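1. Sequence and computational prediction follow.
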Amino acid sequence: MPIKKRVGLVGLGDVSKFHLEAILNNQDLVLVAVCDINESKDPKIDGVGFSSEFTQLLEDRTIDAIVVATPHNLHAGMTNAALYAGKDVLVEKPMAPNLADAQKMTAVAASTDRTLVVSYHFQFVPEVRYFLANKEQYGKIHSFWTQFSGPLQNAVETNRPWLFQKSQNGGVWIDNGTNVVSVLSLFLPDLEVTSARFEYEGRELIKDPDVEDFAKVNFTNGKAKGSAIVDWRSRGKPIYFTYFDTDKGRILLNHFEHKVIHKGNPIFQGVNQRYAGVYADFVKRLGTQGNGLTALGTTSIVMDDYSKAKAK
């Protein structure tokens with residue numbers, strides 16, 4: 001019987017519930033410790049220790065892997081510390097809010113010979129996995145369009161005010177554009193940014209003038225062209241979808257209802273278990289360099305968008 005990898009989770013904010021559920025349901029992993037500076041967030045799971053000091057997880061030699069689910073500006077420092085401590089790491093997306101930190105993380109993983117994986121969880125939603133497995137039957141992709149729109153108020157209600165601070169996050173594009181680029185890159189390698197436009201209108205909640213609430217980015221890979229809109233401007237439920245125009249008609253990936261529609265006809269309905277997919281992938285990558293280099297490429301594209309954007 002294989003020995004389970006012992007896991008420690010740092011960061012018990014809103015996204016942690018998905019990590020906790022996925023770890024607890026993965027037969028190859030066992031959760032042994034959680035960490036947060038706020039002791040009231042202790043989930044009080046039998047057999048799982050709580051600490052408010054991250055260094056305690058680093059010093060625990062029985063912990064094999066660390067999951068970093070903290071605010072974005074803390075990802076690099078905590079990831080590197082865990083790698084240096086001999087732990088494999090799964091870090092929540094985005095890898096880091098700037099390219100220099102992402103490059104450092106990749107270099108540390110290589111120098112310590114540890115596995116670094118970034119949780120690009122939208123790569124594991126069922127409609128994406130379905131099209132990835134069946135894309136050859138639809139021919140070449142000629143163009144694409146994707147939109148990820150969420151309500152600005154959602155970040156307030158989930159107590160994530162740090163999303164609205166440039167030093168801690170970066171804006172809507174680094175937060176959710178990372179998901180967009182990670183999905184597009186599965187189907188369209190070698191994406192390049194041709195132009196980008198950011199807007200800054202959500203001032204009733206966003207006080208930092210450098211934090212955008214809207215981004216439109218245009219891409220090409222030399223064979224296909226397309227655009228992405230990511231914003232915090234939806235009213236009501238989020239709007240998440242991706243269109244691909246192929247040799248055999250338009251494919252719609254509905255990321256909210258987890259459907260695939262071909263030329264207007266539903267062909268697939270899935271059940272969302274994306275974080276289960278993240279951890280299954282993490283386990284498979286243990287003992288390798290993980291997806292750190294791929295994640296670095298995605299981060300580079302996202303940062304290129306910022307450099308090409310012009311405030312409107």
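-> Nice, thanks for sending it over. Numbers count the residues shown, from 1 in each chain.
2. Contact partners for the nearest residue to A215 once chain neighbours are set aside?
-> When the adjacent residues along the chain are set aside, A215 lies closest to W173, with 4.2 Å between them (CB to CB, 6 or more residues apart in numbering). Just so you know, the C-beta spots here come from the backbone N, C-alpha and C atoms, and that holds for glycine as well. Contact partners of W173, counting by CB atoms under 8 Å, 6 or more residues apart in numbering, are 198, 212, 215, 217, 230, 302, 305-306.
3. quick one: secondary structure of W173?
-> Secondary structure, DSSP: H, G, I helix; E, B strand; the rest coil: W173 is helix.
4. on that earlier part again, in strands, which of the contacts of W173 fall?
-> Among these, the members falling in strands (DSSP state E) are 198, 215, 217, 230.
5. on that earlier part again, show the model's pLDDT score for the residue nearest to A215.
-> Among the per-residue scores, W173 shows a pLDDT of 93.
6. just to revisit the earlier point, could you dump the ones in strands among the contacts of W173 into a markdown table and include pLDDT, distance to A22 and neighbour count?
-> Formatted as a markdown table, the ones in strands among the contacts of W173 follow (pLDDT from 0 to 100; distance: CB to CB, whole Å; neighbours: other CB atoms under 10 Å):
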| residue | pLDDT | distance to A22 | neighbour count |
| --- | --- | --- | --- |
| F198 | 93 | 33 | 24 |
| A215 | 94 | 29 | 25 |
| V217 | 95 | 30 | 28 |
| V230 | 96 | 25 | 30 |
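7. Just give me the closest of those to F256.
-> V230 (14.6 Å; CB to CB).
8. And that closest one, how far from V68?
-> Per CB to CB, to the nearest Å, V230 is found 23 Å from V68.
9. repeat for V172
-> With distances defined as CB to CB, the gap from V172 to V68 amounts to 21 Å.
10. if you count what's nearby, which of the two comes out ahead?
-> It is V172, of V172 and V68, that has more neighbours when counted by other CB atoms under 10 Å, with 28 against 24.
11. quick one: contacts for the nearest residue to P238 once chain neighbours are set aside?
-> On the basis of CB to CB, 6+ apart, the spatially nearest residue to P238 that is not a chain neighbour turns out to be G150, at 4.5 Å. G150 makes contact with 176, 231-232, 234, 238-239 under the criterion CB under 8 Å, 6+ apart.
12. same thing but 10 Å
-> G150 makes contact with 172, 175-176, 230-234, 237-240, according to CB atoms under 10 Å, 6 or more residues apart in numbering.
13. quick one: the residue nearest to A215 and P161, what's the gap?
-> Using CB to CB, one gets 18 Å for the distance from W173 to P161.
14. can you check D113 too?
-> If you measure D113 against P161 using CB to CB, the figure is 38 Å.
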